[in-house]
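S.K.: here is my input, please return the structure:
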Amino acid sequence: MEKINNEIAKGAVWMVAFKLIDRGVGLASTIVLARLLAPADFGLIAIAMMLIGALQLLFAFNFDVHLIQKADAGRDQFDTVWTFNVLFGMLCAALLAALAHFVAVFYREPRLEAVVYTLAVGCFAAGFANIGLVIFRREMRFDREFKYMLGKRLAPVLVTIPIAIWQQSYWALAIGQLTGTLASVLLSYYVSDYRPRFSLKAKSELFHASKWLFINNMLQFLNGRAAEFVIGKFAGVAGLGVYTISSEISTLPTTELVAPINRAAFPGYSRLAHDIDQLRNSFLGVISAIALFALPAGIGIVAVADLMVPAVLGWKWLSAIPLIQVLAVYGVLTALQTNIGYVYLAVGRPRLITAVAGVQFVVLLALLLPATWYWGATGAAWSFLITAICMVPVNQVLIARQLHLSAFAYGARLWRPALASLVMAFALLVLKRQLAPANEAHAYVLALLLCVAAGAAVYAATLYLLWRMSGRPDGVERACLDRVGDAVRKFGSRLNLA
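M.R.: Predicted structure coming up:
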């Protein structure tokens, strides 16, 4: 078990490292583009991407999960998945082209038609991506996947920003999206030696194993993107643009940071699925790591959102402040729950994921339609938060039964980072009152930087004191301190040698 946990930890480090770079590049790109483009430009692309996501649901069988779970999956399975991906990509592109005109009419946005045609080309190309990349995840070779994902991330940025500076048009976003897709396909064959062939030999096996994941993907899409359909219709592309950027900024360090940890944890969970005790211990270790980073990040965003929006996005985005604060809390709750689904996948119970997602969608839909009708994007944000709160006890009861997990054992991994985050938030509120920046961009930037530095220091110090007061238990805090100590000792040794 220790070996597998170490592999999970190493994989998480690689994936978190990528995500930090990825989101750092993404944040810098978003800041630049938000100052060059209008909210309506972002809303326009959001509608097109929403349509693509909806159509891709028709083919979202998550065959790669089966390739990771099945230890003896060979060329027949891999080639069949690649063949299906090619066929699905062609069908998705054809449907997009057929619907482009009607979508533009529905949203009363003639510009949408050409954008959808452009992104349809990307859907066609994406189907040809090398399925050999899944081997990196199955064998937990996340360093190889890191190189691929980094190249894939940088390509669209190098195209989008220059076009935005030149044209200051939504076409920068559309062409950047297409460039990223094409680059990812080419890179997939460069980093992996696997060369797929057309085959359908394993089609029955794959469809049988993935039927519940197909339903779950549909529900997950509706739970995550349902608001965009409603906001785009009721609030227009400008309102949708504000919501899209608010969601991007607010969940940046929570759900986005947690995703690579989950990605690294799943192969390890699959190996431990036969031993509930070991799986439970591994799950608690992952939850500890998630809480350590997600809680202070999300609560910190709530505390400094009024500084962050003027400093980062500019004055034309002030309406995003309340949305960012609400969605940041939603991001924290989501981050603490997402890892549960990977346990169900590992033990072969995808039906539980589907059942939970179905209940969540019913609750969300009941709240979303009236809230968005009356309060627009802000109402949609509150709908997501209330739904997440309602789903917490449901998720906790189910995972407790699956892993024979007590509430005390779960809470023991969360209370220290939760309390330290609240202390940090209080310190930030006091500090903001003392700073009181003038209505100038540079003053807000300076105040934000001071708050970020102070918040990190207060959180780290409080967490360390709580850990010492708890008897210095084994866990993620001790692991982090050990790594810091090792780094300091290595640095000192190098100085002495020099």
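S.K.: skip the chain neighbours and tell me the closest residue to residue 301.
M.R.: The spatially closest residue to residue 301, leaving aside those adjacent along the chain, is residue 328, at 4.1 Å (CB to CB, 6 or more residues apart in numbering). Where C-beta positions appear, they are placed from N, C-alpha and C, glycine not excepted.
S.K.: hmm, I was thinking of residue 168
M.R.: The shortest distance from residue 168 to any non-neighbouring residue, by CB to CB, 6+ apart, is to residue 36 (5.4 Å).
S.K.: just to revisit the earlier point, surely the residue nearest to residue 301 and residue 247 touch.
M.R.: No - contact criterion CB atoms under 8 Å: residue 328 and residue 247 do not qualify, at 9.9 Å.
S.K.: tell me the SS of residue 284?
M.R.: helix (DSSP: H, G, I helix; E, B strand; the rest coil).
S.K.: what about it, neighbour count?
M.R.: Other residues lying near residue 284 total 18 when counted by other CB atoms under 10 Å.
S.K.: okay, it and residue 412: tell me how far apart.
M.R.: To residue 412, residue 284 is 8 Å away according to CB to CB, to the nearest Å.
S.K.: just residue 310 next, same as before
M.R.: Relative to residue 412, residue 310 is positioned 40 Å away (CB to CB).
S.K.: what about those two, which has more around it?
M.R.: Each of residue 310 and residue 412 had its neighbours counted (other CB under 10 Å), and the higher figure belongs to residue 310 (22 against 15).
S.K.: give the closest residue to that one in space, chain neighbours not counted.
M.R.: Across the structure, with CB to CB, 6+ apart as the measure, the residue nearest residue 310 apart from its sequence neighbours is residue 444 (4.5 Å).
S.K.: which strands and helices lie in contact with the one helix or strand the one you found maps to?
M.R.: Secondary-structure element containing residue 444, defined by DSSP states H and E: helix 441-469. Secondary structure elements in contact with helix 441-469, counted by 3 or more CB pairs under 8 Å, 6 or more residues apart in numbering; DSSP states H and E, are helix 276-308, helix 415-435, helix 476-497.
S.K.: pLDDT score assigned to residue 297?
M.R.: With respect to pLDDT, residue 297 scores 90.
S.K.: give me the number of residues near it?
M.R.: 23.
S.K.: residue 278 now?
M.R.: Taking other CB under 10 Å as the criterion, the count of residues near residue 278 is 17.
S.K.: got the angle for the longest helix along the chain vs helix 276-308?
M.R.: Of all the elements of type helix in the chain, the one with the most residues (DSSP state H) is helix 350-403. Going by axes from the mean of the first three to the mean of the last three CA atoms, to 10 degrees, helix 350-403 is angled at 110 degrees with respect to helix 276-308.
S.K.: picking up where we left off before, let's have the helices and strands packed on helix 441-469 in JSON lines, adding distance to residue 152.
M.R.: Conversion of these to JSON lines gives the following (distance: least, CB to CB, whole Å):
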{"stretch": "helix 276-308", "distance to residue 152": "23"}
{"stretch": "helix 415-435", "distance to residue 152": "32"}
{"stretch": "helix 476-497", "distance to residue 152": "28"}
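S.K.: ranking the ones you listed by burial, who's on top?
M.R.: Highest mean neighbour count among those (mean count of other CB atoms under 10 Å): helix 276-308, with a mean of 22.
S.K.: could you identify the helix or strand that succeeds it?
M.R.: Moving toward the C-terminus from helix 276-308, the next helix or strand (DSSP H and E) is helix 321-346.
S.K.: show me what that following helix is packed against.
M.R.: Helix 321-346 packs on helix 63-69, helix 236-250, helix 255-272, helix 276-308, helix 350-403, going by 3+ CB pairs under 8 Å, 6+ apart.
S.K.: need the winner for burial among those.
M.R.: helix 236-250 (a mean of 25).
S.K.: helix 236-250 and the helix or strand encompassing residue 53, what's the angle between them?
M.R.: Residue 53 belongs to helix 39-56 when assigned by DSSP H and E. Put simply, helix 39-56 runs at 80 degrees to helix 236-250, going by the same axes, to 10 degrees.
S.K.: count the residues that sit near residue 316.
M.R.: Residue 316 has 14 neighbours, counted by other CB under 10 Å.
S.K.: which residue, other than its chain neighbours, is closest to it?
M.R.: Distance criterion CB to CB, 6+ apart; nearest residue to residue 316, sequence neighbours excluded, is residue 39 at 7.4 Å.
S.K.: that'll do, ta.
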